[in-house]
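Participant: missing the sequence, but the structure's below:
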C-alpha cells in the first residue's frame, strides 16, 4: 500500500507516467460544495508542464475529467474521482533505463521492490507527473479552505542557493545540461486555533507526511525550523498578547503550531527540493543485465528545475493535510 | 484522536505528566520474540531525567511495568502494554499556568482545543515525559531491528549552533536561566533495499510523521537535505556502482531513500530541536481570567537543554516507523 | 468517508449509477501477478444485468477498462484502477424519486445525510450497480487466492424461502409485480490455518464488514450460525483429530474459524438478502416538497430478485476480506 | 494487529486472562465529559462473573483503575486508559491445554498462528475475560450516547432455543455438564437519521465488525434479518409516513438502517451466541506432543451459558461502533 492518504478526507492516487490515465479519488468531502472548475484549472495550470521556458516542453492539457462525485459541479457526498488521460507519451525514450537505473531517481529502488515488474516508462508511478492528481485533490481542498477564510500560499524562496534572482540559477543550469533545486516557503493564514492533535497526529506530522509525497522533497521545517536550534529559548519563545479579544504572539518562530495544534498565527513551513535528477550530462550507473558498471545518458524531456512547478504541489499537499485535520474537529 | 501510530505495528500512547501512570500499547509484534529487559532499561535510562547535570533533577526510575503481551519476557502475539507510574509529581508547581499559558509550550493551544478541560499539570499529555512510553515501544522495535542486522544510532550534531563543544552551550544557557536547542543526526545501517512505498507511505513520510511526535522537533531533513537545494543535480545525484554483487552509491546525498524506498545505503536524517521553552527568565504572556496581558515566571523543574535526552527518542521514533514499514514487506 | 476498505489491500470504490463512470482503485497487490482478463470478464458477467430472464433487462457490457497498475496485464506494484463507463442510463426514470423516497431504498437516508445534494438518479452511489467495481476488485483477489489453492464458491441456498426450486419463487414474484430475497451460502476451501486475528480483526469481523457493502444484505452467520444458539456445547463443539499429519475437525459447526482465526477447515458463511425494494406495486411514502404523505409507483428497470446476481458479489466481498488478511501474514 | 477498533474513537484492548492486568485505551473522546463512575461500575457488574448461579464462580471485582485521560472523573482530551488487575488466577488449571487444544476454543488456531508462543493460561488474549475492557470502553460510550438521548438496550431473546423460559435451558445444561448458547436482541433508540455511510462504512458493517469481537458470536442480523429473505418485497418494504413533522416508517423491517445509514427508526439487531465451548463432558481432541488423537477433560471454572453475561458486551460493542460513527458526523 502506498498511495493513499487521510483519515477524514481519503485520497487515493493512481496511475503511471505512461499508463492509460492518472487520477485520484477523494472520499469524504461533504455534500453541497460547488467546485469552481475554472479556478481548479488555473491551479492545475500552475503545475502543468510546457508553460514556460523553465519547464519541460512536454505539453499536456492536464485537464481533469470528473467521473463521479459531482452533480452540476457540486459534490453529492459520493467519492469524487477525476482522471487525466495520458497522451503524448514516448515510452521509447525510456528503453535504456530498463537496464540502467538513473541516479537520483526511484528506478533502482522500484526495481528491487517490485522485482523487475515495475513500470519503468517515464518513471512509472514515481513520476513527477503523479503530482497532477495530487493537485486535483489539493486544488479542491484549497478552494474549500479558502471559502472558510483559510488561504494557502507557497512561493519560491530560493533556487540553487540564489534568493535574489532564482531564475538566473535555472538558466545557468540549463546551459550546462545540469539542474538545480531550491526552497519553497508556504504560509497558511486564517486557520483557527485548535486544529491538529498531540503526538502523532499534529499539524507538523501530517503536513510533513503529505509534503514528502512530492518527489524531490528532502526536508521540511516549521516556523523558524533548523535555525531555532541555534538560538536561545528566550529568543525563540513567542510571547502571547491580546490584540483586542484575539490572542496572538508577537513573533512567529513556532510557525503557528504548538504541541501539534494551531495557535491561530499563520502556519509557516519551508520545503527543500533537490535538483532534478534528470540531467543531460552522462552519469555512471550500473547495468542489471551485464551485472557491471555502465554509463547512462538520460534522454527524454526534463526540466532543469522543477521548483516553480512544485510550488502548487506544496500548496496542494498542505491543503489536503489541513483539510483532513479540520474535518476532524 | 492523536496518540496512535502505525499500520502493522500499532502504537497507542497514553498518560499525562501527572496522571496515575503513562504507558504504551504495542500491537502487532510477532510472537516468539524475547525482549532483553536489561537492554531496554539501559535504553530508557538514556532518556530518563536526573541522569546528568545537563538535565532536570526530577528523578524517576522510568522502569516499565509490563501488564500484558509477554510470557517469560517473550512476546506471545497479544498486544504488549507497559506502564510507568508517575511519582514525585508536584502539581502545585503548575498552578499559575492554569491561567497564564507558557510561551513556546502547548498550554494555550491545548486550552483552546480542549476548552479548559485539559490537564495542565506538568504539561499534561503534551509533556516531554510522554517520550518515555515512546522509548518503551521504540526500544523494543530497535532491539528487533538489531536482531535483523539493522542498527539505529542518533547523536548530537550541534547544540546552540555549537558543534565542536555542544555541552558548553548548555552551561552558558543555564547560567543565564535560558535554554538552547540543537540538531540530532540519526543513521540507520543494515536496512535492505526495497523498504518503504511510493507517495504517502515512504520512509521519509513515515519517519517524519513519527519524529514530529517528539515535542520540540521543528524540522527534519534526509540525506543532504536543505543543502541539496543549493547544489547542482550533477553533484547531488549519487552514482550507482557494483561493490562485488552489491549495488551501492558512491555518495549518499539521497540519505538511503529514493522514491520513498530504501536503496540499501544508510538512511540518514537530521532533526532540529528547538530550545526548551521553559526558562527561568520572566516572560510576557496573557491571563485568561483577567483577559489582559500578564507576566509569567515558569517555576518547576526543567532542563536548560533537552537535546541529549532527545537522542534516544529520535532513535525510538525511527525504529517504530521503520519496523512498521518492514512488517509491511 | 465510506467507500474504502482494507489494510493491506486498499479498495476504494467510486461512481454513481448514472455518473460518467463507476470504478475501483486497488492498492496493495504485489507486483508480478498476471490477471487473466477472460476469467475476470466471465466473473463480471455472472453479476451483469440482462443475462437471464431473472434479471433486469438493462444491458451493459460491464467491461472494465484498466487505467493503471498493469503492464501487459501484469501488476506492476502501482495502484490498479479500472472503470466502467455508464451508458444506457435513463435518468428521467428517476424524476419522481427526487421528491418521493422509495421504501426500502437509501433515498430517504441519503437525503437526510447529504442535505438534498445526493445524486438520486438510479440510486446514485447506493445503487446495486456499484457492486460491479466490487466484483472487479474481488474478481482479481479471487484469482490470486485461487492461484494459492484457495477457492471461493457461493451459491443460492434458497429464494423466497424455497430451497428446492428457488427460481419458481422469482417467477411468482414477477407475475405479481413483487420481489423476493433469499439466502446465499459461501464456502472457502484451501485456506491455511492461522489466517485472521483476535478481537476486532478476525475473519468474521472482516468478512462481515465487507459483505455488508452489498446492498440488500441484512444478516450473516458463520458455520452453524444462528442454529448453534439452539444446540448444546457437546453437539456444537467440533472435535479435533489427525488425518495423517493434518489436524481437522470431524464436524464444521465453527465454520472454519475459532477466535477469529482460520482452523484449516472450510470457511462457511451464509448471507441473508432482502427482497429487491423496487416493486411495481404502488406504495405509500412521503413527499418532501409537500410535507405530506404520498403514493409512489416505482418506474424504471428492476429485478424481481437480485439473489442470483448477488452470488458473485458475495464471493467478491469474501475474496477481498480474506486476501487482505492473508497479506497480513 | 488485532485488538484495535475505530476511526474517530480509537479503542485498543490489551491483556490476557492471566497476565498482570487487562485494560483498554480509548482515544478520541472529546474533552469535558464527566464519567459517572457508579453507573460504569453497575454496567461492569452486569458482565462480571460470579454474580449469579448462572455464571462461573470466579469472583473478581472487575473494578477499572483509570490511569490517564481523566481529571476529576472528567475527560481532558488525552487518551483514557483503564486497567483491571488479574487476581484469583489459577494457571495450573490450564496445564493440560498446553498440549491438548480444547474443541470450540481458539487454543488450536492460536497455536498455529503464534507458533506455540501463545499464552494458553485461561485462553490468553482470546479469553471471554477480555470483554471486561470492552465493557469499560463501551460503558463510557453508552453513557455519552445516553446523554444525547440515544439508548442502547440488549436483552436475552432465547437460550438453547427456549424463549419462554430461557434460564431453564441453562439449568438443564449444567446438570449434564453441558452448555447452551442463545440469541440476544439489541435495540437502539434515539439515533438521529443520517448516521453511517455507504458501502464499507455503514452501521451494519461497523456494528458487525465490533460485535464479532465478542467470543462466541457466530451470526448477526439487522431488522427482519434472515427472515426478510423469506418474504416478499411488498411485505418487507417499510412505508414512510409523516408523524407530525417527523418522518417514520410504519414497520421496521429495515431495522433502522437503509444504505448503511440510520433512518431515525430504532436500530434493531440480533446476535447468535454459540454454547460455551468449555464443558465438563470428556471430548476428543489431539495431542501436539504425541502427534496423535487424545482425550480431553476441561477443568477450571466455566459457565454453562455465557449469554446473560454477553448482554452488556453486545451493548458495549454497539455503543463503540455507533459513537465512532456519530463522531464522524
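Facilitator: It's in. Treat the numbers as computed from the prediction; the structure is a model and nothing was measured.
Participant: ok, and what's touching the helix or strand bottoming out on mean pLDDT in chain A?
Facilitator: Using mean pLDDT, DSSP states H and E, the weakest-scoring helix or strand in chain A turns out to be strand A:4-5, at a mean of 92. Contacts to strand A:4-5, defined as Cβ atoms under 8 Å, 6 or more residues apart in numbering or on different chains, come from residues A:10-13, A:209-210, A:213, A:320-321, A:324, B:199-201, C:4, C:10, C:12, C:27. For glycine as for every other residue, the C-beta is placed from the backbone atoms N, C-alpha and C.
Participant: Give me the next element, helix or strand, following it.
Facilitator: Under the assignment DSSP states H and E, the closest C-terminal helix or strand after strand A:4-5 is strand A:10-14.
Participant: Does chain C have contacts with the helix or strand following that next one?
Facilitator: Scanning forward in sequence from strand A:10-14 by DSSP H and E, the next helix or strand is strand A:21-27. Yes - counting by Cβ under 8 Å from any Cβ of the partner chain, chain C has neighbours in strand A:21-27: A:21, A:22, A:23, A:25, A:27.
Participant: what about chain A, any weak spots by pLDDT?
Facilitator: Counting by pLDDT under 70, chain A shows low-confidence ranges at A:1-2, A:50-61, A:88-93, A:300-301.
Participant: what does it have sitting close to chain D?
Facilitator: Counting by Cβ under 8 Å from any Cβ, the residues of chain A lying close to chain D are A:7, A:8, A:78, A:198, A:328.
Participant: Quickly check the residues you listed for the two that are furthest apart.
Facilitator: Within the residues of chain A next to chain D, A:78 and A:198 form the most distant pair, 33.2 Å apart (Cβ to Cβ).
Participant: When these two are compared, which one has more neighbours?
Facilitator: Per other Cβ atoms under 10 Å in any protein chain shown, whichever of residue A:78 and residue A:198 has more neighbours is residue A:78, with 30 against 27.
Participant: Ramachandran angles for that one?
Facilitator: Main-chain torsions, residue A:78, degrees, to the nearest 10: phi -80, psi 160.
Participant: what residues are up against the spatially closest residue to it that is not a sequence neighbour?
Facilitator: Leaving aside its chain neighbours, residue A:78 sits nearest to residue C:125 (3.5 Å; criterion: Cβ to Cβ, 6 or more residues apart in numbering or on different chains). Contact analysis of residue C:125 by Cβ under 8 Å, 6+ apart lists A:68, A:76-79, C:3, C:15-17, C:118-119, D:198-199.
Participant: Let me know the closest of these to chain B.
Facilitator: residue A:79 (17.2 Å; Cβ to the nearest Cβ).
Participant: is it true that the closest one touches residue A:31?
Facilitator: No - counting by Cβ atoms under 8 Å, residue A:79 does not reach residue A:31; the two are 11.7 Å apart.
Participant: Looking at those two now, which is surrounded by more residues?
Facilitator: Comparing residue A:79 with residue A:31 by other Cβ under 10 Å, the one with more neighbours is residue A:79, at 30 against 19.
Participant: Quick check: the more buried one vs chain C, distance?
Facilitator: The gap separating residue A:79 from chain C is 4 Å, by Cβ to the nearest Cβ, to the nearest Å.
Participant: do residue A:221 as well
Facilitator: 30 Å.
Participant: Kindly report the same for residue A:121.
Facilitator: 8 Å.
Participant: Show me which residues of the helix or strand hosting residue A:40 are buried.
Facilitator: Following DSSP H and E, one finds residue A:40 within helix A:37-47. Buried residues in helix A:37-47, counted by 16 or more other Cβ atoms under 10 Å in any protein chain shown: A:40, A:43, A:44, A:46, A:47.
Participant: The second one - nearest residue in space that isn't next to it in sequence?
Facilitator: Right, the one you point to is residue A:43. Excluding its sequence neighbours, the residue lying closest to residue A:43 (Cβ to Cβ, 6+ apart) is residue A:139, at 4.0 Å.
Participant: The helix or strand hosting the one you found packs against which elements?
Facilitator: Using DSSP H and E, residue A:139 sits in helix A:131-147. When contacts are defined as 3 or more Cβ pairs under 8 Å, 6 or more residues apart in numbering or on different chains; DSSP states H and E, helix A:131-147 sits against strand A:10-14, strand A:21-27, helix A:37-47, strand A:80-85, strand A:151-159, helix A:307-328.
Participant: Now chain A against chain D: closest residue?
Facilitator: Counting by Cβ to the nearest Cβ, chain A gets nearest chain D through residue A:7, at 6.6 Å.
Participant: what sits against the nearest residue to that residue once chain neighbours are set aside?
Facilitator: Closest residue to residue A:7 apart from its sequence neighbours, by Cβ to Cβ, 6+ apart: residue A:324 at 6.1 Å. Applying Cβ under 8 Å, 6+ apart, we find residue A:324 in contact with A:5, A:6, A:7, A:8, A:9, A:206.
Participant: With residue A:251 instead?
Facilitator: Contact analysis of residue A:251 by Cβ under 8 Å, 6+ apart lists A:238, A:239.
Participant: A helix includes it, no?
Facilitator: No - going by DSSP: H, G, I helix; E, B strand; the rest coil, the assignment for residue A:251 is coil, not a helix.
Participant: and the closest residue to residue A:307 other than its chain neighbours, bridged to which residues?
Facilitator: The shortest distance from residue A:307 to any non-neighbouring residue, by Cβ to Cβ, 6+ apart, is to residue A:182 (3.9 Å). Per DSSP bridges, the residues bridged to residue A:182 are residue A:159, residue A:273.
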